[in-house]
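Peer 1: generate a structure from the sequence data that follows.
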Amino acid sequence: MKIIFEYMRKYKEIISYLFWGVMTTMVSWSSYSLFALLLKNQGTSFAIMGVHTSMVVLVSNILSWICAVLFAFVTNKLWVFCSKSWEIKVFVPEFGKFISTRLVTGVLEIVLVPLLVGIGLNQTILGIEGMAAKVAVSVLIVVLNYIFSKIFIFKS
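Peer 2: Below you'll find the predicted structure:
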């Protein structure tokens, strides 16, 4: 038992990031599912990089990204990187950097999910269009977001 506690203390930040990353992913996936269900009758398609895909997938993905980023900022700030200050001089730079780096990974997600759906990773999971692509892209995004947060935003 002592070994487990030592391991948890040593890797607290990574374990915390993974936990809150899973929670953020759940916010993303559940909000994506909600928006996809609410918008499913608005079905039009468009082309991205020459690949035809669904407008429902794109809009649902953008809205779910916004929900997830706001949730992730608060959880990363408070419980992963333990940045407790809400003073303007601390909060504004952190939030600005957080949004900036999340925009980079957000653009990747917003482009990759519909693109993967368009090229064939279009399996529906639990009746949700594009969910297989959403899951696949999420893995890449979680890794990149940790690196950006650790190096650029919540520096010790």
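Peer 1: only C-alpha atoms from now on, for both contacts and neighbour counts.
Peer 2: Will do.
Peer 1: helices or strands next to the one helix or strand in the chain whose mean pLDDT sits lowest in the packing?
Peer 2: For the chain, the helix or strand with the lowest mean confidence is strand 45-48, at a mean of 74 (criterion: mean pLDDT, DSSP states H and E). When contacts are defined as 3 or more CA pairs under 8 Å, 6 or more residues apart in numbering; DSSP states H and E, strand 45-48 packs onto strand 51-54, helix 88-118.
Peer 1: what pairs with that strand, parallel or antiparallel?
Peer 2: Pairing partners of strand 45-48, with direction, according to DSSP bridges: strand 51-54 (antiparallel).
Peer 1: CA atoms of the partner strand as CSV?
Peer 2: Output in CSV follows, covering the C-alpha atoms of strand 51-54 (Å, rounded to 0.1, in the frame of the first residue of the first chain):
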residue,chain,number,x,y,z
VAL,A,51,-14.2,15.5,-48.8
HIS,A,52,-17.9,15.8,-48.3
THR,A,53,-19.1,15.6,-44.7
SER,A,54,-22.0,16.6,-42.5
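Peer 1: so which residues make contact with that strand?
Peer 2: 43-47, 114-115, 117-119 (CA atoms under 8 Å, 6 or more residues apart in numbering).
Peer 1: try stretch 112-128
Peer 2: By CA under 8 Å, 6+ apart, stretch 112-128 touches 33, 36-37, 48-49, 51-54, 57-58, 61, 129-134, 137.
Peer 1: again with stretch 148-156
Peer 2: Contacts for stretch 148-156 (CA under 8 Å, 6+ apart): 77, 81, 83, 94, 97-98, 101.
Peer 1: of those, closest to residue 4?
Peer 2: residue 81 (21.3 Å; CA to CA).
Peer 1: give me the three-state assignment for residue 19.
Peer 2: At residue 19, secondary structure determined by DSSP: H, G, I helix; E, B strand; the rest coil is helix.
Peer 1: number of nearby residues for it?
Peer 2: 13 (other CA atoms under 10 Å).
Peer 1: same thing with residue 6?
Peer 2: Residue 6 has 11 nearby residues by other CA under 10 Å.
Peer 1: now residue 56
Peer 2: The burial count for residue 56: 23, using other CA under 10 Å.
Peer 1: the helix or strand harbouring it vs helix 88-118, what angle?
Peer 2: Element membership of residue 56 [criterion: DSSP states H and E] is helix 55-75. Inter-element angle recorded for helix 55-75 and helix 88-118: 150 degrees (by axes from the mean of the first three to the mean of the last three CA atoms, to 10 degrees).
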